[in-house]
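Chemist: With the sequence up front, the predicted model follows.
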Amino acid sequence: MSSTVDKKGKGETRRDFLYLTAAAFGAVGAGSVAWPFIHQMNPAADTLALSTTEVDLAPIEEGQAITVMWRGKPVFIRHRTAEEVERAKSDDKADLRDPETDEQRTKPGHEKWLVMVGICTHLGCVPLGQKSADVKGEYDGWFCPCHGSHYDTSGRIRKGPAPKNMAVPEYTFLTDTTIKIG
Amino acid sequence: MGSGNRKKFDNPIVEWVDSRLPVFTLMNKEYGVFPTPKNFNYLWNFGAIAMVMLITMIITGITLAMHYVPHVDHAFDSVERIMRDVNYGWMIRYLHANGASFFFIAVYIHIFRGMYYGSYKQPRELLWMLGVVIFLLLMATAFIGYVLPWGQMSFWGATVITNLFSAIPFVGDSIVTLLWGGFSVDNPTLNRFFALHYLLPFVIFAVVFLHVWALHVAGSNNPLGIEPKGEQDTLPFNPYYTMKDTFGVLVFLIVYVAFAFFMPNDLGHPDNYIPADPLVTPAHIVPEWYFLPFYAILRAVTFDIGIPFTDITIITAKLGGVLAMFGSIALLFVLPFLDKHPVRSAVFRPWFRIALFALVIATFLLGMAGGKPAEGIWLYVSQFCSVYYFGFFLAIIPFLNKYEPVEKLPPSINDAVLDKNIKANAYFYAGKVK
């Protein structure tokens, strides 16, 4: 041991360097062994494979809404009335917590269709408002019964604890009456 | 655990073992002759009661695991099979489900005991902190255990609680996906929860071992909060406290089995007898009763916290609620370092006593508010009580450190026990000790 002590007395020795490199190497080694055991918890390949859903919109009457499953989550598809679209557009300028216009949340030419993940952005409950008899909240859109978040006719958060608007998933219109989500 | 000066045992087999591995010497030292303050009241039973509940939960849990199937298609049915077809399955499951509640009852009383008599103070800080770690592990275990029957409350409780982590800035959503193993609470989630629910009780057992080890280094606190000064202040643990603990455990078990046999579902929620449905959220999600005060704190934060007079939000309502909820437990963890008042026991701290009883009332009110929808009067109740909860730790305790008078303490436990005027057992009025 004593032979490695720096004769110049600077306090840094060859041994210090060896300690540091050994420790750094050990840390990288431990990390690379730990990663597979952490990453195994992430979605597996078969879970990821269930990623798209096609929906036929033809049977949905104006004013009706349906719920479909996509990646284990409910997706709300609402055929909005002209009145509801009008209300959503006029609220673009309202005081929004998560500002987004109705145009940004719909596809051009298909404004009457609102497609969004039907999960409250607070803690993940499914809001009410899909059925005509449901409570729709103060803004006539959706109401989350868990902790009282109110969403408007564009699915934007207006009141309550949720921080964000209900998410619009990636989707495309295959024809005028079919969409592919995902 | 070294043998030190080992005394020989008369029984040759015991002696043969003990001279090679001194387990009998250890047990005799820690549970036989262990000097224990002689003025314990019945609140000192709840450590032993919690230990009995832990063992009960492990035994009933392992037997249930022999019949349970951790798969979304079979979990609910396998629990119903346990209830209807497995021999004594109904009894084992009801003992396990109600056992969780009674474990928490014992632990909450144990925590109250520690706070009332200042058991967290020097030199027992680490002992207390290990206790808070056990409490956290217990909450995690209970939460994931409640998910396993895969009823509506299981599913939606799991969804709400795992979503708490999405409040963490930047990495929140990735953490939630990691916890779920998918894009929602689903089969991978149920599978890993089952694995963890089997593991965590043994982790708890290990930390309980450290907790008891730390206890046997410092020795027990007592209702007077003064250290024993010699043999006249203590009794050997056996038979005095083995008897007293056994009595307390039996009384507690009578109440517990009365629930398990005669009102097994009174502490649970009927919605959990509806199979989980990812498309329908129950109208009113509530956690198990033992989480209600913390759930109320979570929901009490309904406003964003930002820089005043700007639109900039630093902490959203959601993150604020999550921070408040975890903060309420973190405060328990650091309690030994917040409370610097030299007197331990609330018997001699009339001001602290009032503040602590108010905290107990606030916690009960939070529990009631947590079970109600977060609106109207109950929202204000939970906000008011949350403010008191945090105020107790962050304002009242520092205030008492500075201004609460230091009363004259009895000279020793023995004096207090023998002197009728001191009346050591008059826990709730200490005025006479002056």
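Modeler: Here it is on my side, so go on. Please read all numbers here as calculations on a predicted model, not as lab measurements.

Chemist: how close does A:R14 get to A:L20?
Modeler: 11 Å (C-beta to C-beta, to the nearest Å). Bear in mind the C-beta positions are built from the backbone N, C-alpha and C, glycine included.

Chemist: my guess is A:F76 contacts A:V115, does it?
Modeler: Yes. Between A:F76 and A:V115 there is a contact under C-beta atoms under 8 Å: 7.4 Å.

Chemist: where's A:T67, which helix or strand?
Modeler: Using DSSP states H and E, A:T67 maps to strand A:65-70.

Chemist: same question but for A:A133, I mixed them up
Modeler: Going by DSSP H and E, A:A133 is not in any helix or strand.

Chemist: Next, count neighbours for it.
Modeler: 6 (other C-beta atoms under 10 Å in any protein chain shown).

Chemist: can you check the one 3 residues further on too?
Modeler: Applying the criterion other C-beta under 10 Å, we find 20 residues in the vicinity of A:K136.

Chemist: and the closest residue to it other than its chain neighbours, what does it touch?
Modeler: Counting by C-beta to C-beta, 6 or more residues apart in numbering or on different chains, A:K136 lies nearest to A:G129, which is 4.5 Å off, once chain neighbours are set aside. By C-beta atoms under 8 Å, 6 or more residues apart in numbering or on different chains, A:G129 lies in contact with A:A65, A:V135, A:K136, A:G137, A:G141, A:W142, A:F143, A:Y151.

Chemist: so the fifth one sits right up against A:H150, yeah?
Modeler: Right, A:G141. Yes. With contact defined as C-beta under 8 Å, A:G141 reaches A:H150; the gap is 7.4 Å.

Chemist: Show me whatever sits in contact with both of the two.
Modeler: A:R158.

Chemist: Got a PyMOL select line for the buried ones in the contacts of A:G129?
Modeler: Per 16 or more other C-beta atoms under 10 Å in any protein chain shown, the buried members of those correspond to this PyMOL selection:
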select buried, chain A and resi 65+136+137+141+142+143+151
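
Chemist: now, which of the contacts of A:G129 sits nearest chain B?
Modeler: A:V135 (9.5 Å; C-beta to the nearest C-beta).

Chemist: didn't the closest one look like it was pressed against A:G141?
Modeler: No. At 10.9 Å, A:V135 does not count as touching A:G141 under the criterion of C-beta under 8 Å.

Chemist: where does B:L359 fall, phi/psi-wise?
Modeler: Main-chain dihedrals, B:L359, degrees, to the nearest 10: phi -60, psi -40.

Chemist: Next one: the residue nearest to it when sequence neighbours are not counted, what pLDDT does it get?
Modeler: Counting by C-beta to C-beta, 6+ apart, B:F392 is the residue found nearest to B:L359 once chain neighbours are left out, at 4.8 Å. Looking at B:F392, its pLDDT reads 98.

Chemist: Also B:G2?
Modeler: Value for B:G2, per-residue pLDDT: 52.

Chemist: Stretch A:36-56: end-to-end distance?
Modeler: This stretch, stretch A:36-56, spans 41 Å end to end (C-alpha to C-alpha, to the nearest Å).

Chemist: and chain A, which residues reach chain B?
Modeler: A:38, A:41-44, A:47, A:67, A:69, A:71-74, A:122-128, A:144-148, A:160-163 (C-beta under 8 Å from any C-beta of the partner chain).

Chemist: ok, of these, which come out buried?
Modeler: Going by neighbour count (16+ other C-beta under 10 Å), the residues of chain A next to chain B have A:42-43, A:47, A:67, A:71-74, A:122-128, A:144-148, A:160-163 buried.

Chemist: what about the top helix by length along chain A, average pLDDT?
Modeler: The helix spanning the most residues in chain A, taking DSSP state H as the definition, is helix A:14-39. For helix A:14-39, mean pLDDT rounds to 93.

Chemist: Going C-terminal from it, what's the next secondary structure element?
Modeler: By DSSP H and E, the next helix or strand past helix A:14-39 is helix A:45-49.

Chemist: dump the residue contacts of residue 118.
Modeler: Went with chain A since none was named. Residues counted as contacts of A:G118 (C-beta under 8 Å, 6+ apart) are A:T67, A:K73, A:P74, A:V75, A:F76, A:V126, A:P127, A:Q130, A:W142, A:M166.

Chemist: should've been chain B
Modeler: Residues near B:G118 by C-beta under 8 Å, 6+ apart: B:N221, B:G225, B:D339, B:V343, B:R344, B:S345, B:A346, B:R349.

Chemist: Skipping its backbone neighbours, what lies nearest it in space?
Modeler: Closest residue to B:G118 apart from its sequence neighbours, by C-beta to C-beta, 6+ apart: B:R344 at 3.2 Å.

Chemist: can you tell me if the top helix by length along chain B touches chain A.
Modeler: Determined from DSSP H, the single longest helix within chain B is helix B:187-218. Yes. Applying C-beta under 8 Å from any C-beta, one finds helix B:187-218 in contact with chain A at B:P188, B:R192.

Chemist: buried set for that helix?
Modeler: By 16+ other C-beta under 10 Å, the buried positions in helix B:187-218 come out as B:187-190, B:192-194, B:197-198, B:200-201, B:204, B:207-208, B:211, B:214-215.

Chemist: How about stretch B:47-62?
Modeler: Quick answer for stretch B:47-62 (16+ other C-beta under 10 Å): B:47-54, B:56-58, B:60-61.

Chemist: The helix or strand in which B:I254 is found vs helix B:187-218, what angle?
Modeler: Assigned by DSSP H and E, B:I254 belongs to helix B:237-262. Helix B:237-262 and helix B:187-218 are oriented at 150 degrees to each other (axes from the mean of the first three to the mean of the last three C-alpha atoms, to 10 degrees).

Chemist: quick one: buried residues of helix B:237-262?
Modeler: Result for helix B:237-262 [16+ other C-beta under 10 Å]: buried residues B:F237, B:Y241, B:K244, B:D245, B:G248, B:V249, B:F252, B:L253, B:Y256, B:V257, B:F259, B:A260.

Chemist: from those, which is closest to B:N163?
Modeler: B:F259 (31.4 Å; C-beta to C-beta).

Chemist: Once you drop chain neighbours, what's closest to that closest one?
Modeler: Excluding its sequence neighbours, the residue lying closest to B:F259 (C-beta to C-beta, 6+ apart) is B:N98, at 4.9 Å.
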